[in-house]
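Peer 1: mind folding the following:
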Amino acid sequence: MLRLAHFVISPFASSVRTRLSLQLEIAALRHQLSVYQYEQRRPRITRADRLLWSIVARLWWDWRRALYFVQPRTVTLWRKQRFRDYWRCLSRIDLGGRLRIAPELRQLIRRMWQANPTWGSPKIVAELAKLGIDVANSTVEKYRPKRVGPPSPTWRTFLDQHVRELVSIDFFIVPTATFRVLLVFLVLAHDRRRIVHFNVTEHPSAQWTAQQFVEAFPFGSALRYLIRGGDGIYGERVTWRIERLGIDEVVTAPASPWQNAYVKRAIGTLRSSYLDYYHPWRTHQSLDRDAPDGRPVRAAKPCNVVEFPAVDGLHHVYIPKAA
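Peer 2: As a prediction, this is how the structure comes out:
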């Protein structure tokens, strides 16, 4: 800083000095510079020196003629560095922004993601809104748990490559008002999630099940692959009928319902218990994130929110914990 002050004061001091003294001073300075150049010593350049010559290069067009201790290119680099430092410092200034959410809310969002793998961020935002918690979609996506790896890359690849050639089948039970138990047979095509065929029976058999394939795929309309579980109802007669239709069976692994997820989700939607969840709890974007029957906002802190499974665990209900 002393050099900078000397540079600013020297023009005023030189205005009252004689021409001879200025000539002598210039000669002495040039002699010292020549000695410095002869000895090849590098001067100790400070931050104030860089600032000084950055300003001089900005204000004086002929600054290169008076420069000795560094190359002009070095001064140009100093100017660029000063420009970068200025904007870097300006960008680091804290101008406020969105506040960080509480750890309890982050944990609640992660719980919702893990318990409801079929939900998207708008559904979780709507559920939180019903608890009096207002968050953005980007916040929910930010705290989505990272998946270590796909559950089965080989199976996922198979589904993606043959989606237009896949059909799934399954049974599900429907109790009636008269305490009868009916079994519904469902055939679902993967390409558009279309229900190709369904039928209801009270006493399923292998012969009845084999006949359903004939009705589901008449006149050579069968697809290439059929995904089914390992239930005992699919006996030799059913297998023979599937082969005669030119369909390749793909049997899912035991206790792996996710391998037949499309038809499982369709069954979960068709169950009567789904209606008990759908009308009072299921939120819709078209209804301003409200349920068909209307759900009042029940404010709660993230640490006081409890969840209950609905529709056999396919969905969950979130309410404040009782006091």
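Peer 1: packing partners of whatever helix or strand residue 243 lives in?
Peer 2: Per DSSP states H and E: residue 243 is located in helix 236-244. Applying 3 or more C-beta pairs under 8 Å, 6 or more residues apart in numbering; DSSP states H and E, one finds that helix 236-244 contacts helix 206-216. Where you see a C-beta, it was placed from the backbone N, CA and C, and this is true even at glycine.
Peer 1: which helices and strands does the helix it packs on pack with?
Peer 2: Secondary-structure packing of helix 206-216 (3+ C-beta pairs under 8 Å, 6+ apart): strand 181-189, strand 194-201, helix 236-244.
Peer 1: off-centre distance for the helix or strand that it is followed by?
Peer 2: Using DSSP H and E, the helix or strand that directly follows helix 206-216 along the chain is strand 225-228. How far strand 225-228 lies from its chain's middle: 32 Å, per C-alpha atoms, centre = their mean, to the nearest Å.
Peer 1: ok, and for strand 225-228, which residues are buried?
Peer 2: Across strand 225-228, burial judged by 16 or more other C-beta atoms under 10 Å covers 225-228.
Peer 1: again, but for stretch 74-86
Peer 2: Result for stretch 74-86 [16+ other C-beta under 10 Å]: buried residues 75, 78.
Peer 1: where does pLDDT dip in the stretch 151-300 of the chain?
Peer 2: Filtered on pLDDT under 70, the stretch 151-300 of the chain yields the residue ranges 151-154, 269, 271-275, 286.
Peer 1: ok, back up a step: tell me the most buried of the helices and strands packed on helix 206-216?
Peer 2: strand 181-189 (a mean of 18; mean count of other C-beta atoms under 10 Å).
Peer 1: what angle do that one and strand 194-201 make?
Peer 2: Interaxial angle of strand 181-189 relative to strand 194-201 (axes from the mean of the first three to the mean of the last three C-alpha atoms, to 10 degrees): 160 degrees.
Peer 1: now do strand 181-189 and helix 206-216, the angle between them.
Peer 2: Orientation check (the same axes, to 10 degrees): strand 181-189 against helix 206-216 gives 40 degrees.
Peer 1: so what does the spatially closest residue to residue 226 that is not a sequence neighbour look like in phi/psi?
Peer 2: Leaving aside its sequence neighbours, residue 226 sits nearest to residue 247 (C-beta to C-beta, 6 or more residues apart in numbering; 4.8 Å). Dihedral pair for residue 247: phi -110, psi 140, per degrees, to the nearest 10.
Peer 1: shouldn't residue 247 be in contact with residue 222?
Peer 2: Yes: when contacts are counted by C-beta atoms under 8 Å, residue 247 is listed as touching residue 222 (5.2 Å).
Peer 1: identify the contacts common to those two.
Peer 2: Shared contacts of residue 247 and residue 222, defined by C-beta atoms under 8 Å, 6 or more residues apart in numbering, comprise residue 213.
Peer 1: ranges for the strands of the chain?
Peer 2: Taking DSSP state E as the test, the strands found in the chain are 166-175, 181-189, 194-201, 225-228, 248-251, 305-310, 315-320.
Peer 1: can you put those strands in TSV and add distance to residue 296?
Peer 2: Shown next, in TSV, are the strands of the chain (distance: least, C-beta to C-beta, whole Å):
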stretch	distance to residue 296
strand 166-175	32
strand 181-189	35
strand 194-201	35
strand 225-228	42
strand 248-251	47
strand 305-310	16
strand 315-320	11
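Peer 1: still on that earlier bit, of all the helices and strands packed on helix 206-216, which one is nearest residue 142?
Peer 2: Proximity to residue 142 (C-beta to C-beta) singles out strand 181-189 among the helices and strands packed on helix 206-216, at 34.7 Å.
Peer 1: list the contacts for residue 67?
Peer 2: By C-beta under 8 Å, 6+ apart, the residues touching residue 67 are 53, 75.
Peer 1: ok, it to residue 242 distance?
Peer 2: Taking C-beta to C-beta, to the nearest Å as the measure, residue 67 falls 89 Å from residue 242.
Peer 1: run a quick neighbour tally on residue 270.
Peer 2: 15 (other C-beta atoms under 10 Å).
Peer 1: how about residue 276?
Peer 2: 12.
Peer 1: can you tell me the closest non-neighbouring residue to it?
Peer 2: Nearest-residue entry for residue 276: residue 310, 7.8 Å, with adjacent residues in sequence omitted and distances by C-beta to C-beta, 6+ apart.
Peer 1: please save the CA atoms from the helix holding residue 243 in PDB.
Peer 2: Provided in PDB are the C-alpha atoms of helix 236-244 (Å, rounded to 0.1, in the frame of the first residue of the first chain):
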ATOM      1  CA  GLU A 236     -50.800 -79.600 -17.700                       C
ATOM      2  CA  ARG A 237     -54.000 -78.800 -19.400                       C
ATOM      3  CA  VAL A 238     -53.500 -75.000 -19.200                       C
ATOM      4  CA  THR A 239     -49.800 -75.400 -20.300                       C
ATOM      5  CA  TRP A 240     -50.800 -77.500 -23.300                       C
ATOM      6  CA  ARG A 241     -53.500 -74.900 -24.300                       C
ATOM      7  CA  ILE A 242     -50.900 -72.100 -24.000                       C
ATOM      8  CA  GLU A 243     -48.400 -73.900 -26.200                       C
ATOM      9  CA  ARG A 244     -51.100 -74.700 -28.800                       C
END
